[in-house]
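> how would this look folded up:
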Amino acid sequence: MLANYAQIVRRSVLTTAAVGAVMIIVSVALGGVKGLLGAVLGAALVAAFFAISVFAVGRAARRSPQAMMITAMATYIVKILLLMFFVARFAGTTAFNSRLFGLTALACILAWSAAQVYWSMRLKTPYVEPSGR
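The predicted model follows:
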């Protein structure tokens, strides 16, 4: 199971990186240096959040499915709280373009989610595990 998921994660990372690169180029064209900074920060935030989830859930999966689910829910809640903190903290900033930050983060989140679904459906994984008797 973990080997199959590693393949899905690798493909999702590549898809998200491509979307992030496109959004960075678009942001530079639309917002200049502040657009670049906003897009880079948005892509970095998404990358960090999903890396934390993959690492934490992967470690918990070695223990049990229950630990994996609890870890997934806990990391989700922590990420939502951190995102709320960052949005509130940088709501009125002029250091970077906050709209392009948000658009880049949203595009990367949607790319990651769509890639996870797409590659999960394409991967040929047996749904019944042989007992090994």
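
> so which residues make contact with whichever strand or helix holds S113?
Using DSSP states H and E, S113 maps to helix 98-122. Residues from elsewhere that reach helix 98-122, judged by CB atoms under 8 Å, 6 or more residues apart in numbering: 7-8, 11-12, 15-16, 18-20, 23-24, 27, 30-31, 34-35, 38-39, 41-43, 45-47, 50, 90-91. Backbone N, C-alpha and C define where each C-beta goes, glycine included.

> now the lengthiest helix in the chain: average pLDDT?
If you go by DSSP state H, the chain has its longest helix at helix 2-61. Across helix 2-61, pLDDT averages out at 91.

> next secondary structure after it?
helix 65-89.

> avg pLDDT for that next one?
Helix 65-89 comes out at a mean pLDDT of 89.

> who are the contact partners of the residue nearest the centre of the chain?
Closest residue to the average C-alpha location of the chain: F50 at 3.6 Å, with CA atoms, centre = their mean. Shown in contact with F50 (CB under 8 Å, 6+ apart): T16, W112.

> 6 Å instead?
By CB atoms under 6 Å, 6 or more residues apart in numbering, the residues touching F50 are W112.
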